[in-house]
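pasting a predicted model and its sequence here:
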Amino acid sequence: MKFSNSSLTVIIFLFTISIHAEVSQDAAGWTVVTPSADSRIIYVSNAGNDTNDGLSQDYPVQTLERGYSLLRDSAPDWMLLRSGDQWYENIPSIGKSGRSEDEPILISSYGEGQRPLIKSEENSVISNDGHAFPEHIFFIGLDLYSYKRDPSSLDYDESITSNRGIRWVGGGNDILVEDCCFRFFSGGLVVQKYTGPQLTDFKLRRSIITDSYSTNSHSQGFYASQIDGLLVEECIFDHNGWLIQGTGDNSQEGGAATMFNHNTYFNECDNIVVRENMFLRASSIGNKMCCDITDGSTGILFDNNLYVEGEIGVSIGGNSEEPSRFKDAIIRNNVMLHIGRSNPTSRNFGWYMDISDNNNCIVSNNCFVHQPWYDNTYAVNIGGVSAENILISNNTIYGIRYQAIRVNVNTAWNNIQIFENIIQDDTLGPLMVYQSGDFEEVSYYDNTYYTIDSSSFARLDGEYLTFDEWLSASGETGATNEEIDFTDPNRTVESYYSSLGGDGTFEGFIEEARQQSKSDWNPAYTASAVNDYIREGFNMEALDTTAIDFDLFARFFILQIHPNPFNTFTTIQYQVPQRGSMKLVIYDLLGRKVRTLTCGLVSSGTYETDWDGTDDEGNILNSGIYFCHISGEHGTPDSQKTLFLK
């Protein structure tokens with residue numbers, strides 16, 4: 001495996017020191033740091049000598065310990081490691097800070113060649129050992145390798161059970177990790193509050209985190225706890241949490257996969273952005289979110305990530321039954337496929353998206369596809385003791401073996417909307433919807449379904465329903481049961497790799513993706529490129545990049561239909577949350593629109609409209625159940641039944 005790195009963009013400024021130091025990004029998206037007039041730049045090389053001052057490439061120091069000792073606290077100093085060199089020591093405990101956001105301490109590389117390689121035997125390559133509040137520290141372009149835990153290494157030693165790439169325990173602020181590799185640690189990165197101040201503004205960008213495992217404890221590619229301001233962007237997480245396939249009993253022997261190990265595990269973190277990453281072959285979950293207190297994790301964005309294999313794509317919930325633990329979560333534009341295929345823990349299931357105890361959650365414009373192996377599968381599951389303001393919309397679900405949408409209603413739920421999704425399968429005959437519980441707070445509308453097994457279209461409280469029976473029971477309006485002619489629904493990562501001239505294997509694609517570095521960055525091996533390819537096969541629209549306004553959780557309400565039943569006319573009283581366009585429509589039992597009562601721009605307030613049982617042409621309709629449905633520009637819809645008797 002080849003890991004390469006060229007001189008950083010920052011190095012071109014070494015001989016033109018700027019009075020106006022700054023941190024920016026270049027046109028290719030890489031961080032650029034310019035030194036200050038008083039920056040001290042220390043060079044470290046295997047060919048150096050610790051008696052040197054380290055102030056030039058001609059007189060570098062030799063050890064990381066000596067190099068770090070020459071950096072000053074609260075100063076914009078740099079320690080640059082020579083590319084292609086390697087060290088058998090860890091970076092000393094980080095207790096020094098940079099001067100400001102534009103004048104950080106920088107630990108990086110100089111010269112041409114592979115990333116400088118730090119071969120760690122024990123403990124942590126980078127740690128802060130609980131120092132009070134170091135801040136403004138950048139780590140760019142380093143290769144961190146737990147070489148004695150790599151079974152393919154001649155130095156492999158199975159007695160070394162634990163060490164970490166980064167272990168940051170305690171407070172801090174403005175920490176950047178970019179273009180770094182983490183290989184074969186028991187935990188690639190462990191970043192958490194312990195006592196004292198909280199760690200804020202931690203950024204992990206364009207880095208490779210692979211092959212974390214443990215033989216005696218839990219293991220994650222990246223574990224973060226109680227961080228406020230967490231960015232994970234354009235990284236590759238692969239095969240974290242396991243060395244060998246598990247046996248189904250969660251035994252850790254030999255580094256086996258267990259249900260406790262994941263590519264990422266975030267606990268009680270706020271203001272999280274996880275964007276355009278690859279999460280591949282996790283022991284269990286691609287992204288696990290955990291929180292045990294109400295409102296303990298707020299401001300969550302998972303956007304345009306790629307998830308392949310593992311056994312669960314994203315889980316926001318679990319571990320606790322406290323209500324409303326997660327608030328303001330957005331999961332959009334992601335592609336998940338083949339979840340469960342490699343069956344790491346041997347538990348035979350594949351769950352794509354799991355949300356529990358969320359308040360204000362949007363799951364939109366995602367692509368959940370290709371799970372033909374196990375009956376214990378679903379694309380989206382909503383559960384927990386609480387769920388409030390949950391919108392599941394504009395997702396494409398295809399080829400999920402057993403259940404597309406799974407909803408387990410609890411009495412504490414409020415305003416769950418499932419609408420405008422495309423849920424299709426032309427070979428497996430799965431359930432389109434599995435719901436337990438009533439529809440008082442759960443609304444379905446305008447979804448496009450297709451399954452080859454029309455007798456088992458849905459399952460409600462244990463009873464299988466046809467499409468028409470589902471419409472009658474759920475009150476869903478605007479739904480259709482028709483097959484969509486997709487451009488190419490069989491697209492996979494393997495076919496994508498073949499289109500690039502590769503051998504058409506998932507392993508071949510991963511090997512190429514693992515080579516990504518600043519000096520050899522190939523946009524073809526990014527999550528956004530693969531996702532575009534998969535999405536095009538499903539006729540999906542462009543990425544949804546609009547800003548999210550959580551005011552959209554304002555609701556339209558049908559307050560009353562009276563009399564009900566009626567035979568001459570009934571009065572519909574409804575509430576509009578804010579000024580905007582809206583419409584009030586009547587649907588029949590088969591979901592067909594029969595009458596538009598109101599359509600236009602209205603102000604917020606409470607209104608009344610009469611209906612006399614006629615359609616848009618003035619014809620008197622047949623006796624039966626009809627649905628009054630209100631929707632609009634600013635707010636989630638509402639529906640109620642009425643019975644018309646001629």
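Arrived safely, thanks for sending. Numbers count the residues shown, from 1 in each chain.

can you give me the buried ones in stretch 452-459?
For stretch 452-459, a neighbour-count test (16 or more other CB atoms under 10 Å) marks 457-459 as buried. Using the backbone N, CA and C atoms, a C-beta is placed for each residue, glycine as well.

ditto for stretch 313-327
Buried, per 16+ other CB under 10 Å, within stretch 313-327: 313-318, 320, 322-327.

dump the buried residues of stretch 452-459 into CSV; add pLDDT as well.
Formatted as CSV, those follow (pLDDT from 0 to 100):
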residue, pLDDT
457, 95
458, 95
459, 96
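
before we move on, the earlier item: so which of the buried residues of stretch 313-327 sits lowest on pLDDT?
Least confident of the buried residues of stretch 313-327 in the model: residue 318, at 76.

in a strand, that's where it is, yeah?
No. Applying DSSP: H, G, I helix; E, B strand; the rest coil, one finds residue 318 to be coil, outside a strand.

hmm, it is touching residue 355, no?
No. If you go by CB atoms under 8 Å, residue 318 and residue 355 don't touch, sitting 10.0 Å apart.

common neighbours of those two, please.
Both residue 318 and residue 355 lack any common contact, where contact means CB atoms under 8 Å, 6 or more residues apart in numbering.

re the thing from before, adding distance to residue 559, write the buried residues of stretch 452-459 out as JSON lines.
Putting the buried residues of stretch 452-459 into JSON lines (distance: CB to CB, whole Å) gives the following:
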{"residue": "457", "distance to residue 559": "32"}
{"residue": "458", "distance to residue 559": "29"}
{"residue": "459", "distance to residue 559": "32"}
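
tell me the one of those nearest residue 213?
Distance to residue 213, by CB to CB, is smallest for residue 459 among the buried residues of stretch 452-459, at 38.6 Å.

pick out the residue nearest the middle of the protein.
In the chain, the residue lying closest to the centroid (CA atoms, centre = their mean) is residue 302, at 3.6 Å.

so what's that one up against?
Here residue 302 is in contact with 274-275, 287, 314, 329-332, 334 (CB under 8 Å, 6+ apart).

now rank the residues you listed by neighbours and give me the top one.
Among the contacts of residue 302, the one with the most neighbours (other CB atoms under 10 Å) is residue 334, at 31 neighbours.

does that one touch residue 364 like I think?
No. In this structure, residue 334 is not within contact of residue 364 by CB under 8 Å, at 10.0 Å.

among the buried residues of stretch 452-459, which lie within strands?
Members of these lying in strands (criterion: DSSP state E): 458-459.

any idea how far residue 581 is from residue 427?
Using CB to CB, to the nearest Å, we find residue 581 at a distance of 40 Å from residue 427.

mind listing the helices for this structure?
Listed in chain order, the helices of the chain (DSSP state H) span 64-69, 467-474, 493-499, 506-513, 527-537.

dump these to CSV, plus mean pLDDT, mean neighbour count and distance to residue 116.
CSV is the format used below for the helices of the chain (pLDDT from 0 to 100; neighbours: other CB atoms under 10 Å; distance: least, CB to CB, whole Å):
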stretch, mean pLDDT, mean neighbour count, distance to residue 116
helix 64-69, 98, 20, 10
helix 467-474, 94, 19, 60
helix 493-499, 98, 18, 30
helix 506-513, 98, 18, 22
helix 527-537, 97, 20, 27
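
what's the closest of those helices to residue 603?
Nearest to residue 603 among the helices of the chain is helix 467-474; the distance by CB to CB comes to 31.6 Å.

can you list contacts of that closest one?
Residues outside helix 467-474 that contact it (CB under 8 Å, 6+ apart) are 432-433, 435, 439, 444, 449, 454, 457-458, 460, 465, 476, 479, 481, 589-591, 625.

just the C-alpha atoms of that helix, please, in PDB.
Extracted C-alpha coordinates of helix 467-474, given in PDB (Å, rounded to 0.1, in the frame of the first residue of the first chain):
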ATOM      1  CA  PHE A 467     -52.500  -1.300  -1.600                       C
ATOM      2  CA  ASP A 468     -56.100  -0.300  -1.500                       C
ATOM      3  CA  GLU A 469     -56.500  -1.700   2.000                       C
ATOM      4  CA  TRP A 470     -53.400   0.400   3.000                       C
ATOM      5  CA  LEU A 471     -55.000   3.600   1.600                       C
ATOM      6  CA  SER A 472     -58.200   2.900   3.500                       C
ATOM      7  CA  ALA A 473     -56.500   2.200   6.800                       C
ATOM      8  CA  SER A 474     -53.800   4.900   6.700                       C
END
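
that helix: how far from the chain's middle?
Offset of helix 467-474 from its chain centre (CA atoms, centre = their mean, to the nearest Å): 33 Å.

and residue 375, how far is that from residue 346?
Separation of residue 375 from residue 346 (CB to CB): 16 Å.

who has more neighbours, these two?
Neighbour count, other CB under 10 Å: between residue 375 and residue 346, residue 346 has more, with 13 against 10.

got a list of what the nearest residue to the more buried one once chain neighbours are set aside touches?
Distance criterion CB to CB, 6 or more residues apart in numbering; nearest residue to residue 346, sequence neighbours excluded, is residue 248 at 4.2 Å. For residue 248, the contacting residues are 345-347, by CB under 8 Å, 6+ apart.

now do residue 316
With contact set as CB under 8 Å, 6+ apart, residue 316 has these partners: 289, 300, 326, 329, 331, 354-356, 358, 361.

bridged to it, which residues?
With DSSP bridges applied, residue 316 shows beta-bridge pairing to residue 289, residue 355.

ok, residue 302 next?
Bridge pairing for residue 302 - DSSP bridges - gives residue 274, residue 331.

what's the spacing between residue 337 and residue 118?
Distance of residue 337 to residue 118, given as CB to CB: 35 Å.
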